[in-house]
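K.L.:
Next come a sequence and a model predicted from it.
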Amino acid sequence: MISTKGRYAIRVLLDMAENDNGGYIPLKDIAERQGISKKYLEFIVKDLVAGGLISGTSGKGGGYRLMRAPEDYVIGEVLELTEGKLSAVACLATDDFECPRKDECETLPMWKEYDDMIHDFFYGKRLSDIMPETK
């Protein structure tokens, strides 16, 4: 399940793309438009900045802005940055997980196929794909 952190991160980026005026967008404005507490958004944008998806500045005229064009943001990248690897089962979540049943697990191919579908879906979507055609 994708948490509010991942879902809100996408909403923040979408809001920033839709309200891009070339400058920095105050977090309080995003919080008001999205109906999300500014305090919680501070937690989310910290990860987005650390991941190189947005930049921020403080002081007068401060706020956040996108580092790329909307078509250059892959939704899967955003979700993995905020959520970690999107895996249905622990044995596929990390490469170093050693399952003693790996070689004889009859269900592993099904979980791998499911994970591949999730990966392909989210990595096939860009921020620009979910932006409305008109405001």
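P.N.:
Alright, I've got the coordinates. Numbers count the residues shown, from 1 in each chain.
K.L.:
Any idea which helix or strand in the protein has the lowest mean pLDDT?
P.N.:
One helix or strand of the chain scores below all others by mean pLDDT, DSSP states H and E: helix 90-93, with a mean of 84.
K.L.:
list the contacts for the residue nearest the centre of the chain?
P.N.:
Residue closest to the mean C-alpha point of the chain, counted by Cα atoms, centre = their mean, is residue 78 at 2.4 Å. Neighbouring residues of residue 78 by Cβ atoms under 8 Å, 6 or more residues apart in numbering: 6, 9, 10, 13, 48, 53, 127. Using the backbone N, CA and C atoms, a C-beta is placed for each residue, glycine as well.
K.L.:
go again using 7 Å as the cut-off
P.N.:
9, 10, 13, 53 (Cβ atoms under 7 Å, 6 or more residues apart in numbering).
K.L.:
Pass me the low-pLDDT residue ranges in the chain, would you?
P.N.:
Scanning the chain for pLDDT under 70 picks out the ranges 134-135.
K.L.:
need the helices for it, in chain order.
P.N.:
Assigned by DSSP state H, the helices in the chain fall at 4-18, 27-34, 38-50, 75-83, 90-93, 108-123, 127-130.
K.L.:
just so I know, which of these lies nearest residue 62?
P.N.:
Residue 62 lies closest to helix 27-34 among those, at 8.9 Å (Cβ to Cβ).
K.L.:
Name the residues of that closest one that are buried.
P.N.:
Neighbour-count burial for helix 27-34 flags 27, 30, 31 (criterion: 16 or more other Cβ atoms under 10 Å).
K.L.:
Please enumerate residues in contact with that helix?
P.N.:
Under the contact criterion Cβ under 7 Å, 6+ apart, helix 27-34 has outside partners 11, 12, 15, 16, 37, 38, 41, 42, 45, 63, 64.
K.L.:
ok, those vs residue 72, which is closest?
P.N.:
The closest of the contacts of helix 27-34 to residue 72 turns out to be residue 16 (Cβ to Cβ; 13.2 Å).
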